[in-house]
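# Give me a 3D structure for the following:
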Amino acid sequence: MNEHFGGTSTLNVVFSAKDADAFKEPDVLRLVSALQKEIETDPVVGKSFGLTDYVQRMHRVMHEDDPAYDVIPDDREMIAQYLLLYEMSGDPENLDRVVDYDYKEANLAFQLKTDSSARMKTIVDRVETWADDFGSAGITIRYAGSGYKSLVFSGLLLKGQISGLFLSFLIVFLLIAVMFKNILIGLVGSIPIAFTAVVNFGTMGLTGIPLSSSTAIISGIAIGIGIDYAIHFIEHYLHERAQGASVDAAAAKTVAHTGRSILHNALAVIGGFAVLLTSLFPPNRHVGALVALNMGTTALVTLTLFVVILSGFDRKGKIMVKNPEGGSR
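Numbers count the residues shown, from 1 in each chain. Model (predicted):
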């Protein structure tokens with residue numbers, strides 16, 4: 001559709017004037033036409049359509065289809081007569097798609113060959129550079145259409161994702177810190193999920209996977225499972241240390257015992273979601289790939305980097321460990 005037709009996404013630029021019949025004025029229509037032609041130069045814009053197309057087409061037809069007259073007429077009355085003639089002889093509902101009854105609001109529609117919110121924002125930003133010119137004519141600009149809706153949705157999704165991640169990290173940190181009565185352990189326990197989140201969104205950016213309602217929940221899944229890995233590891237490590245094991249011995253025993261369970265669990269989850277990679281539906285493939293990546297990353301970080309940092313702080317005496325007699329050391 002995007003390759004052979006005008007495009008599957010739409011952007012509607014809606015102009016609102018203070019006075020009735022504002023969009024019968026030659027200067028206003030020329031301004032709209034100039035904006036339309038500039039936006040059409042963007043390669044992702046397939047087609048555009050607005051009131052200016054009707055006026056220019058009628059002006060040309062009235063002059064024996066001479067291409068030289070494919071412009072906005074200079075005479076306001078001539079424009080009004082063209083529009084009245086169309087309303088009387090054509091289908092009036094066609095004009096309803098591009099202008100209201102009082103000619104105070106006009107709609108300029110663009111068909112886009114992409115659903116990318118980034119490309120949509122680029123086009124909207126280009127339209128915004130004309131805001132002052134239209135403002136001088138007493139006209140304001142607002143936006144609508146499926147493409148613009150996706151842009152707004154993506155912005156809200158991104159904002160919610162960022163705030164949600166920070167809130168999740170804070171909750172995880174507080175829970176671990178309270179559970180083990182150690183602020184440092186709370187910070188260390190957040191490392192696997194923080195690292196996994198960076199890998200997740202970095203991979204999405206590098207591979208072009210869009211942030212959508214389906215991919216947005218993946219970071220939550222990673223946090224939920226990642227913190228589970230960290231808690232199990234810390235619990236077993238502290239248990240080994242409390243039994244009198246040295247730092248190295250406790251780390252080795254924890255990796256051999258809890259690490260094996262973490263690895264088996266990660267492989268099971270990865271295998272389950274890897275099935276989605278065979279789906280013909282792209283969002284399903286994205287979810288399968290990202291969940292598998294996140295589970296693998298979380299398990300790997302927990303069994304490597306996390307072990308090094310936890311044991312390193314323990315050697316420096318930053319982590320309080322109960323001795324076999326019930327005291328602390």
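# Helix or strand: which one has the residue lying closest to residue 137 once chain neighbours are set aside?
In space, and not counting its chain neighbours, residue 137 is closest to residue 28: 5.7 Å by Cβ to Cβ, 6 or more residues apart in numbering. Placement of C-beta: from N, CA and C, glycine included. Per DSSP states H and E, residue 28 falls inside helix 26-40.
# Now that helix - C-alpha only, PDB.
Presented in PDB, the C-alpha positions along helix 26-40 are these (Å, rounded to 0.1, in the frame of the first residue of the first chain):
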ATOM      1  CA  PRO A  26      -6.900  34.600  -2.300                       C
ATOM      2  CA  ASP A  27      -4.000  35.400   0.100                       C
ATOM      3  CA  VAL A  28      -5.200  32.800   2.600                       C
ATOM      4  CA  LEU A  29      -5.600  30.100  -0.100                       C
ATOM      5  CA  ARG A  30      -2.200  30.900  -1.500                       C
ATOM      6  CA  LEU A  31      -0.700  30.500   1.900                       C
ATOM      7  CA  VAL A  32      -2.400  27.100   2.300                       C
ATOM      8  CA  SER A  33      -1.200  26.100  -1.200                       C
ATOM      9  CA  ALA A  34       2.400  27.200  -0.400                       C
ATOM     10  CA  LEU A  35       2.400  25.100   2.700                       C
ATOM     11  CA  GLN A  36       0.900  22.200   0.800                       C
ATOM     12  CA  LYS A  37       3.500  22.300  -1.900                       C
ATOM     13  CA  GLU A  38       6.400  22.400   0.700                       C
ATOM     14  CA  ILE A  39       5.100  19.400   2.700                       C
ATOM     15  CA  GLU A  40       4.600  17.500  -0.500                       C
END
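# mean confidence for it?
On average, the pLDDT along helix 26-40 is 95.
# Give me the angle between the helix or strand following that helix and helix 26-40.
Moving toward the C-terminus from helix 26-40, the next helix or strand (DSSP H and E) is strand 45-49. Angle of strand 45-49 versus helix 26-40, following axes from the mean of the first three to the mean of the last three Cα atoms, to 10 degrees, is 160 degrees.
# what's in contact with the next helix or strand after strand 45-49?
Toward the C-terminal end, the helix or strand that comes next after strand 45-49 (DSSP H and E) is helix 51-61. Defining contact as Cβ atoms under 8 Å, 6 or more residues apart in numbering, one finds that helix 51-61 is touched by 23, 29, 32-33, 36, 66-67, 69-73, 78-79, 82-83, 85-86, 94-95, 98-99, 106-108.
# ok, so what distance separates the residue nearest to residue 137 from residue 76?
Using Cβ to Cβ, to the nearest Å, residue 28 is found at 10 Å from residue 76.
# out of these two, which sits in the more crowded spot?
residue 28 (24 against 15; other Cβ atoms under 10 Å).
# remind me which residues of the stretch 51-200 of the chain are low pLDDT?
90, 92 (pLDDT under 70).
# can you give me the strands for it?
Taking DSSP state E, counting those that start in this stretch as the criterion, the stretch 51-200 of the chain contains strands spanning 105-112, 139-144.
# Which elements pack onto the longest one?
Secondary structure elements in contact with strand 105-112, counted by 3 or more Cβ pairs under 8 Å, 6 or more residues apart in numbering; DSSP states H and E, are strand 9-17, helix 26-40, strand 45-49, helix 51-61, helix 117-128.
# May I have it as CSV, with CA atoms only?
Extracted C-alpha coordinates of strand 105-112, given in CSV (Å, rounded to 0.1, in the frame of the first residue of the first chain):
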residue,chain,number,x,y,z
GLU,A,105,-12.3,26.1,9.0
ALA,A,106,-10.4,24.2,6.4
ASN,A,107,-8.9,20.8,6.3
LEU,A,108,-5.7,19.9,4.4
ALA,A,109,-5.1,16.2,4.3
PHE,A,110,-1.8,14.4,3.7
GLN,A,111,-1.4,10.7,3.0
LEU,A,112,1.9,9.3,4.4
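# okay, the angle between it and helix 51-61?
Going by the same axes, to 10 degrees, strand 105-112 makes 90 degrees with helix 51-61.
# any residues touching strand 105-112, and which ones?
Applying Cβ under 8 Å, 6+ apart, the contact partners of strand 105-112 are 5-17, 23, 32, 35-36, 39-40, 44-52, 97-100, 119-120, 123, 145, 147.
# quick one: the residue nearest to residue 14 when sequence neighbours are not counted and residue 25, what's the gap?
Computed as Cβ to Cβ, 6+ apart, the closest residue to residue 14 that is not its neighbour in sequence is residue 142, at 5.1 Å. Per Cβ to Cβ, residue 142 is found 20 Å from residue 25.
# For residue 257, which residues are in contact?
Shown in contact with residue 257 (Cβ under 8 Å, 6+ apart): residue 236.
# hmm, try it at 10 Å
232, 233, 236, 237, 239, 240 (Cβ atoms under 10 Å, 6 or more residues apart in numbering).
# in what helix or strand does it lie?
helix 247-274.
# Following that helix in sequence, what is the next regular element?
Sequence order places helix 282-303 as the next helix or strand after helix 247-274, per DSSP H and E.
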